[in-house]
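S.K.: Got a sequence here, can you model it:
(one chain, ligands or ions: 2)
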Amino acid sequence: MRKDRFSVLWLQAGSCGGCTMSLIEHGRRGLFAELDAFGIELVWHPSLSEETGEEARAILEAVEAGERRLDALVVEGSVLMGPAGTGRCQILAGTGRTMADWVTSLARRAGVVVAVGSCAAYGGIPRAEPDPAEATGLQFDGADRGGALGAGFRAKGGLPVVAVAGCAPHPGWIVETLAALAAGVLSAEDLDGAGRPKFFADHLAHHGCSRNEFYEFKASAERASDRGCLMEHLGCKATQAVGDCNQRAWNGSGSCTDGGYACIGCTSPGFETARGFLVTPKIAGIPVGLPLDMPKAWFMALAALSKSATPRRVRLNAISDHVVVPPGRGRRGSEGGEG
Ligand code: SF4
Ligand code: SF4
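M.R.: Numbering: from 1, shown residues only. Ligands and ions are numbered 1, 2, ... in the order given. A predicted model of the protein is given here:
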């Protein structure tokens, strides 16, 4: 474990601030105690630090001049390159310089650069058509390598941009990434092809969903309030989206699908341009996007088989907003009926 503290500077580029809102929920002890426990020093954060105006600018200038060591530059929000590539859609107040310019300059000084959220990672929602601000990610523009820093960028420590994707990302993904970097245990092999740490990206958001029983029997919700699986009709992309979203609770409990909201694949590059938010695109009645974790032919065969064997309890509960047939009383209300 390093003796000196791991210094983190946080910038908000083209951002709604949602990633910071997510971050501050982190941990029973509270965010600052958690960061302290991992030896992380928050040098400056636009919403959480006391310094504003001249004092804040002085911190940035000291880092840029190499007078103050920077272990990690964290960027939240897309880098806005518009209009016409000038970056002047976002000026850092009091400096006359674009945020794109500050990000590029400070990235050269940092031991590692971390994109927090899918906007900073890939462009995110600001990049959706018509994209007047010419939004891009730090090292990806949607699914294409490039972005504000360029495909070949490597921070001083040797890593490409570490992409804590999500809109917003789980607070645990952010803090655990920073903790792993502070401990020196996050290497290039620990990132997937889109720069995401594998500790959360090696899962699908579907894994652990409370609606998994309905999924297995292809017993599907028809309205947003129904208890059934949201994939067939209501656009759930969790079988194609990475993240352990349904294995660790958000805000102490729940997840998107637990709350009745279909997964929109927010951890995926280019999710903002994908077809079918909250409605499932189909061809000949078959969903276009099929699960990543099994071959298409298997899925089709299993779906047909399981639909033909759906228990009455599961079929009826799937299209209700509460349990209408409890387990063990499936047949005309008698105990010990179909499960
Ligand atoms: S609602 Fe989505 S995450 Fe839940 S079981 Fe269905 S496909 Fe999987
Ligand atoms: S369930 Fe889907 S939309 Fe929700 S946080 Fe996870 S990846 Fe994003």
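S.K.: Quick one: residues contacting the nearest residue to A128 once chain neighbours are set aside.
M.R.: Computed as C-beta to C-beta, 6 or more residues apart in numbering, the closest residue to A128 that is not its neighbour in sequence is E272, at 4.0 Å. The way it works is simple: take the backbone N, C-alpha and C, and place the C-beta from them, glycine included. Residues near E272 by C-beta atoms under 8 Å, 6 or more residues apart in numbering: 123-125, 127-128.
S.K.: Redo those as JSON lines? Include secondary structure, pLDDT and neighbour count.
M.R.: Below are the contacts of E272 laid out as JSON lines (DSSP: H, G, I helix; E, B strand; the rest coil; pLDDT from 0 to 100; neighbours: other C-beta atoms under 10 Å):
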{"residue": "G123", "secondary structure": "coil", "pLDDT": "98", "neighbour count": "31"}
{"residue": "G124", "secondary structure": "coil", "pLDDT": "97", "neighbour count": "29"}
{"residue": "I125", "secondary structure": "helix", "pLDDT": "96", "neighbour count": "18"}
{"residue": "R127", "secondary structure": "helix", "pLDDT": "97", "neighbour count": "24"}
{"residue": "A128", "secondary structure": "coil", "pLDDT": "95", "neighbour count": "13"}
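S.K.: Quick check: can you list the domain ranges of this protein?
M.R.: 6-201, 204-339 (automatic domain parsing).
S.K.: And these, which one averages the lowest pLDDT?
M.R.: Of all these, the minimum mean pLDDT falls on domain 204-339 (a mean of 85).
S.K.: That domain vs ligand 1: in contact?
M.R.: Yes - using C-beta under 6 Å from any ligand atom, we find that domain 204-339 touches ligand 1 at 206, 209, 211-212, 215, 229-231, 236, 238-239, 257, 263.
S.K.: Who wins on neighbours among these?
M.R.: C236 (31 neighbours; other C-beta atoms under 10 Å).
S.K.: got a list of what that residue touches?
M.R.: By C-beta under 8 Å, 6+ apart, the contact list for C236 reads 206, 229-230, 257, 262-263, 280.
S.K.: Angles on the backbone of the one residue in the stretch 1-150 of the chain that gets nearest to ligand 1, please.
M.R.: In the stretch 1-150 of the chain, the residue that lies nearest ligand 1 is S118 (18.4 Å; C-beta to the nearest ligand atom). Torsion angles at S118 (phi, psi; degrees, to the nearest 10) stand at phi -70, psi -20.
S.K.: Ligand 2 contacts on the stretch 151-300 of the chain?
M.R.: So the stretch 151-300 of the chain meets ligand 2 at 166, 205, 238, 241, 243, 245, 255-256, 263-267 (C-beta under 6 Å from any ligand atom).
S.K.: Same list (those) but as CSV, adding secondary structure.
M.R.: Listed next are those as CSV, based on DSSP: H, G, I helix; E, B strand; the rest coil:
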residue, secondary structure
G166, coil
A205, coil
A238, coil
A241, coil
G243, coil
C245, coil
S255, coil
C256, coil
C263, coil
I264, coil
G265, coil
C266, coil
T267, coil
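S.K.: Nearest to ligand 1 among those?
M.R.: A238 (3.3 Å).
S.K.: mind listing what that closest one touches?
M.R.: Residues in contact with A238, defined by C-beta under 8 Å, 6+ apart, are 204-206, 209, 231, 245-246, 256-257, 262-263, 265.
S.K.: any chance of these in JSON lines, plus distance to A221?
M.R.: Output for these, formatted as JSON lines (distance: C-beta to C-beta, whole Å):
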{"residue": "L204", "distance to A221": "19"}
{"residue": "A205", "distance to A221": "17"}
{"residue": "H206", "distance to A221": "15"}
{"residue": "C209", "distance to A221": "12"}
{"residue": "M231", "distance to A221": "9"}
{"residue": "C245", "distance to A221": "18"}
{"residue": "N246", "distance to A221": "16"}
{"residue": "C256", "distance to A221": "14"}
{"residue": "T257", "distance to A221": "10"}
{"residue": "A262", "distance to A221": "9"}
{"residue": "C263", "distance to A221": "13"}
{"residue": "G265", "distance to A221": "18"}
